[in-house]
Each structure stands twice: as C-alpha cells, then as structure tokens.
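In: what's the 3D shape of this:
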Amino acid sequence: MPRIPLLSLLVVSLAACSSSPPTAPGSTAPPQMASAAPAPSAAQPDAKAVDQAAVQALKDMGAYLQSLKQFEVFVELSGERVLTDGQKLQHTATADLDVQRPNKLRAQMRSARSQRDLIYDGKTVTLYVPQQKYYSKAGFTENLGILVARLRDRFGVEIPSADLFLWGTPDAPLDRLESAMNAGQDIIGGELCDHYAFRQGQIDWQIWIASGGRPLPRKLVITNRADEARPQSVTLLKWNVNPKLRDSLFAFTPPAGAREAEFVPLKNQ
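Out: Sure, this is the predicted structure:
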C-alpha cells in the first residue's frame, strides 16, 4: 500500500477558506457578506464589554444544534489571501455535510483546485479524493466532536464548519470571549437573523443566528487582526433539519480503479 502524506491529498485553497471559528491561544475551537446597511450610529454598545445576552444566544444556538438528531447543511466558504504588496485575492469553496448523530457523517468538499469526500459510518472514517482516485481509511468509534478534533490535530484534515459539533458542549470556548455585543438584525438568505459580534485575542468574529424558535447559525465572518491587512473569511450556511438520510449514504465502496493510501500523521505527531 503506498504511503502518501495526507496533506498532499488536501487543497490549500479550501483550508484558506476554512470556516473554523476563532480560537484564543490554548483553547479548543468552537464554530453573507457583511450587511450593506450601516449599523445605527446611536446607542453604540461598549466594544470592550461582554454582553451576557449575546453569550446566552450562543448557548441557545448550541443547545438547539445538539438537539438535532440529523441534519444537512450546505456551506459556502470564501477566504482572502493577502499578497506581499497588500493586494487581496479571494478564493471560494463549498461543502455539503450530511450528519446523523452521534457518529455518522458524509462531507463533500469542493473547490476549483480540489475535490474530497469524507465518510464516517461510526466504525471507519474514509477520506476519498475523486480526482486522484485515492482513499485512506482508519478505524474510529468516537462521536463527531472528537472525530473532527482528531482529524485536525493528528492528520491536518479540516472539516468546514466543524464547530457545529462543538457548540452546546463543554468544548465551546465561551469563557475566552473578551467582548460580546448584539449588533442588531439583518436578513440572511431571506430569513431574519440576530447579529452578534465577538472578540478573542487577535480575532474578531461575527455570527448571524436565525431569530425565532430555530436558532440556526446562518452566517459567520472572521477577521484576523494579527495581520494589518485584516483578511476575512466568510461562511454562509443553508440548512435542512428534516433530511431523509439513508444508511448507505455513510458507507464507502471504493470506485473501480481507486487505490488505497495509508493515513500518515503530521510530522509533529
């Protein structure tokens, strides 16, 4: 069996467009375009304060996400790459995630530079690269939150919007928020959403959560203040909370001509 470093099977552009939420140093990571309408100038919130109502909105969102036994979410990602002269280039990618708790996942990730599928049936996780027809498999039996953390830390595999599996759990980094505010409301994808803004270390992030009885995250914007160019990533999420998911969706059968490549950990592992 050939040993192919897993990172060679991944696409840099998709990682650049990753929607992984901000993480303060030493913490565990939680998870459409900015509104054209300017925020009201009157009664500006204190940017240095932690509004507990905004924090509670994250908790409510997490509790609702954890209550979903299965769902499908289509993710549109965009991220900025800053050249040495300061010019910004934007790259885009998409991901379609089918989820069945506690331990089944199918993620189809696509960009102009790469295609990759990740399938987890509760016993085996498989990464398949259709363009090269390579796949890698590893035994695994943990829940989805542990799965995405293990893939990221050990193999460098980033699952877009992986924080969806962390919100509503003790791993959500609510204790590391330096500021939190309610920034009003916007319409995202035709749905009224409450807009919140947070700061953690050198990261600013904003989230738009659907108003009403289904507090689903609809948009996420992350700004890197450590870079004077302030590059941003934007994530848009479209939900189906009542999908009909067949068991066969989470099973992987190698296509004709596909070859197996061994999972290779990162060099620092």
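
In: roughly how far does the spatially most central residue of the chain sit from Glu178?
Out: The residue lying closest to the centre of the chain (C-alpha atoms, centre = their mean) is Ser161, at 1.4 Å. According to C-beta to C-beta, to the nearest Å, Ser161 stands 23 Å off from Glu178. For glycine as for every other residue, the C-beta is placed from the backbone atoms N, C-alpha and C.

In: and what of Thr94?
Out: Distance from Thr94 to Glu178, by C-beta to C-beta: 32 Å.

In: repeat for Ser67
Out: With C-beta to C-beta as the criterion, Ser67 and Glu178 are 29 Å apart.

In: restrict the host helix or strand of Met181 to CA atoms and write it as CSV.
Out: Secondary structure from DSSP states H and E places Met181 in strand 179-188. Only the C-alpha atoms of strand 179-188 are listed here, as CSV (Å, rounded to 0.1, in the frame of the first residue of the first chain):
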residue,chain,number,x,y,z
SER,A,179,-16.0,41.2,24.2
ALA,A,180,-19.5,40.3,23.0
MET,A,181,-22.2,42.5,21.7
ASN,A,182,-25.6,42.5,20.0
ALA,A,183,-25.1,44.2,16.6
GLY,A,184,-28.8,44.4,15.6
GLN,A,185,-30.5,42.3,12.9
ASP,A,186,-30.1,41.5,9.2
ILE,A,187,-31.8,39.4,6.6
ILE,A,188,-29.7,36.4,5.6
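
In: next secondary structure element downstream of the lengthiest helix in the chain?
Out: Across the chain, the longest stretch assigned as helix under DSSP state H is helix 52-67. Once the chain leaves helix 52-67, the next helix or strand it forms, by DSSP H and E, is strand 70-82.

In: which neighbouring elements make contact with that next one?
Out: helix 12-16, strand 88-100, strand 232-240 (3 or more C-beta pairs under 8 Å, 6 or more residues apart in numbering; DSSP states H and E).

In: so can I have TSV of those showing mean pLDDT, distance to Arg110 and mean neighbour count?
Out: Below are those laid out as TSV (pLDDT from 0 to 100; distance: least, C-beta to C-beta, whole Å; neighbours: other C-beta atoms under 10 Å):
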stretch	mean pLDDT	distance to Arg110	mean neighbour count
helix 12-16	35	8	19
strand 88-100	96	5	19
strand 232-240	97	15	20
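
In: now distance to Tyr135 too, for these, in CSV please.
Out: CSV is the format used below for the helices and strands packed on strand 70-82 (distance: least, C-beta to C-beta, whole Å):
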stretch, distance to Tyr135
helix 12-16, 18
strand 88-100, 18
strand 232-240, 27
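
In: for the record, mean pLDDT for stretch 168-175?
Out: The pLDDT scores in stretch 168-175 average 85.

In: so Val75 bridges to which residues?
Out: Ala95, Leu237 (DSSP bridges).

In: now do it against Arg218, distance only.
Out: Val75 is 11 Å from Arg218, by C-beta to C-beta.

In: any common contacting residues for these two?
Out: Leu236, Leu237 (C-beta atoms under 8 Å, 6 or more residues apart in numbering).

In: Tyr135 and Phe252 touch, don't they?
Out: Yes - the criterion here is C-beta atoms under 8 Å, and Tyr135 meets it with Phe252 at 7.2 Å.
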